[in-house]
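S.K.: I would like the atomic coordinates for the input below:
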Amino acid sequence: MALIETHDLWKTYRMGDEEIHALRGVSVGIERGEYAAIMGPSGSGKSTLMNLIGCLDTASKGTYHLNGKEVSTMNDNELARIRNEEIGFVFQTFNLLPRATALQNVELPLVYAGVPAKERQARAREALEKVELGSRMQHKPNEMSGGQRQRVAIARALVNNPSILLADEPTGNLDTKTGIEIMALFARLHEAGNTIVLVTHEPEVAAHAKRAIHIRDGQVEKDVRAA
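M.R.: Prediction:
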């Protein structure tokens, strides 16, 4: 079975008397070690699909297996545990704690997971070294550039050794040069064996991935693998 396996996923929202189908029967499989981009214009359903893959939301219909576990039937507590253990999130807004150092920000998922302090620090240091921020561990977010803050966010996403790195428009708040550096970092992480799912509406960002899953009107329009 693929690492990510969705079958006939639907997501329906009620707006008064009207039903809005954000996803209409999406079936995709993403293997361990893949680097895939989910693409589509605004309102296509790509963010809804990302929220389902990331266990931030549940489908109205259909099944979703992550790493062999059926996620579609889980309750909120089980979903929270899966998010912490299996998924590393990278958002365009970084979502860092402003008063905490880079090291403390990266440690956060391990605090929730109940990892002892000494091991937490060692793992957070290792994650920051992976993103080439070893010299900035004691800096706070306001003492860093946007690119450095995104690297801290990526280190935090990596610290639990997740099954998937899920990145939502990771270069959205960065200038072009910094965006290219962050995409080069993702390429290195993929080469090191990480499974990466990237959500973007920008073709030049998606071009870094090895596969592009195009979503339109809540359905998979096309699924293209790099030659």
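S.K.: going forward, measure contacts and count neighbours with C-alpha atoms only.
M.R.: Noted.
S.K.: quick check: longest helix of this structure.
M.R.: Ordering each helix of the chain by length in residues (DSSP state H) puts helix 176-191 first.
S.K.: just checking, what packs against that one?
M.R.: Secondary-structure packing of helix 176-191 (3 or more CA pairs under 8 Å, 6 or more residues apart in numbering; DSSP states H and E): helix 146-158.
S.K.: check which helices and strands the helix it packs on sits against.
M.R.: Right, helix 146-158 is packed against strand 87-91, helix 102-112, helix 117-130, helix 176-191 by 3+ CA pairs under 8 Å, 6+ apart.
S.K.: ok, then the element right after it?
M.R.: Proceeding C-terminally, helix 146-158 gives way to strand 164-168 as the next helix or strand, assigned by DSSP states H and E.
S.K.: and that next one, average pLDDT?
M.R.: Mean pLDDT, strand 164-168: 95.
S.K.: cool, stretch 101-112 as well?
M.R.: 94.
S.K.: neighbouring contacts of it?
M.R.: Under the criterion CA atoms under 8 Å, 6 or more residues apart in numbering, residues 84, 96-97, 120-121, 123-125, 127-128, 136-141, 152-153, 155-157, 159-160 lie in contact with stretch 101-112.
S.K.: buried subset of those?
M.R.: Buried by 16 or more other CA atoms under 10 Å: 84, 96, 120-121, 123-125, 127-128, 136-137, 140-141, 152-153, 155-157, 159-160, out of the contacts of stretch 101-112.
S.K.: dump the helices and strands packed on helix 146-158 to TSV, plus distance to Asp17.
M.R.: Shown next, in TSV, are the helices and strands packed on helix 146-158 (distance: least, CA to CA, whole Å):
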stretch	distance to Asp17
strand 87-91	33
helix 102-112	40
helix 117-130	48
helix 176-191	43
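S.K.: nearest to Glu34, of the ones you listed?
M.R.: Evaluated over the helices and strands packed on helix 146-158, closeness to Glu34 peaks at helix 176-191, with 7.7 Å, by CA to CA.
S.K.: give me the number of residues near the residue lying closest to Ser163 once chain neighbours are set aside?
M.R.: Once flanking residues are discounted, Ser163 sits nearest to Glu86: 4.9 Å by CA to CA, 6 or more residues apart in numbering. Counted with other CA atoms under 10 Å, residues neighbouring Glu86 total 17.
S.K.: check Gly45 too.
M.R.: Neighbours around Gly45, by other CA under 10 Å: 24.
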